[in-house]
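# structure, please.
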Amino acid sequence: MREDDLATRVVDHYAATNDDPEINVEEPYDAEGRRGVVDVYVRRHTPERVDHVIELKSDAAVRAATGANEILRQYRRMERYFHADERHAIRPKLGRTQPGARYLLCFAPTPTCVYHVATHRALYGSVDTAARVDDVPAVRTVGFLTGLDGSPADLGVVSVNGDAPFGSEAFLRAVPDGSRLAESIRRVDDDVIDPAVDG
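Alright, predicted model coming up:
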């Protein structure tokens with residue numbers, strides 16, 4: 001799948017599941033002389049403002065990158081500078097009970113992306129879920145998109161950081177049966193999916 005296709009599905013999902021969200025594709029940022037573009041930026045307003053800042057990675061992006069470090073550097077740069085841009089600034093709010101921002105790095109559920117994440121599971125799994133935008137709590141998620149073939153409301157993310165690292169029982173239980181992700185995992189060599197298995 002191309003990143004354009006992934007972005008279309010993400011946009012359709014937020015439009016279908018939220019009341020009047022602000023959705024921008026290829027959203028630029030410019031802070032402290034650092035410029036960049038995020039694939040999809042969504043600002044939800046109800047019940048309170050939450051920004052979803054999303055980087056999408058397809059087979060082409062994974063193949064073009066020099067490795068996981070390059071992809072994570074891009075993701076960290078986006079996280080560091082996106083909300084530092086005054087146009088995207090988030091202010092602390094009394095009584096906030098939920099994170100004010102969610103930073104997502106989402107891979108296509110393809111064999112190429114599964115192989116890439118599996119072989120770099122330690123790096124992707126090391127991304128701490130807890131983050132902050134100044135004094136506003138935020139969340140980081142690295143994972144695979146699922147539900148691409150169903151209703152826009154069915155789109156989801158199976159995380160590889162936090163409590164369910166790639167290849168763990170919790171991760172594998174979260175993979176929907178019959179999904180593209182399940183098929184891609186099945187197609188990648190067992191010794192890559194489960195490095196404890198002897199080749």
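# from here on, contacts and neighbour counts on C-alpha atoms
OK.
# could I get the pLDDT score of Ser198?
Careful, residue 198 is Asp; it's not Ser. For Asp198, the model assigns a pLDDT of 38.
# check Arg180 too.
Arg180 carries a pLDDT value of 96.
# then the one 10 residues further on?
Looking at Asp190, its pLDDT reads 77.
# same question, the one 5 residues further on
With respect to pLDDT, Pro195 has a value of 64.
# and the nearest residue to Glu86 once chain neighbours are set aside, how far from Pro111?
Of all residues not flanking Glu86 in the chain, Ala31 sits nearest, at 7.6 Å (Cα to Cα, 6 or more residues apart in numbering). For Ala31, the distance to Pro111 (Cα to Cα, to the nearest Å) stands at 36 Å.
# who's more crowded, the two?
Pro111 (20 against 15; other Cα atoms under 10 Å).
# wait, what's in contact with Ser159?
By Cα atoms under 8 Å, 6 or more residues apart in numbering, the residues touching Ser159 are Thr141, Val142, Gly143, Phe144, Pro165, Phe166, Phe171.
# now, those that are in strands?
Thr141, Val142, Gly143, Phe144 (DSSP state E).
# excluding its backbone neighbours, what's nearest the second one?
Spelled out, it's Val142. Leu105 (4.8 Å).
# can you give me the pLDDT of Ser184?
Value for Ser184, per-residue pLDDT: 96.
# please compute how far whatever helix or strand it lives in lies from its chain's middle.
Per DSSP states H and E: Ser184 is located in helix 180-187. Centre-to-centre, helix 180-187 and its host chain are 18 Å apart (Cα atoms, centre = their mean, to the nearest Å).
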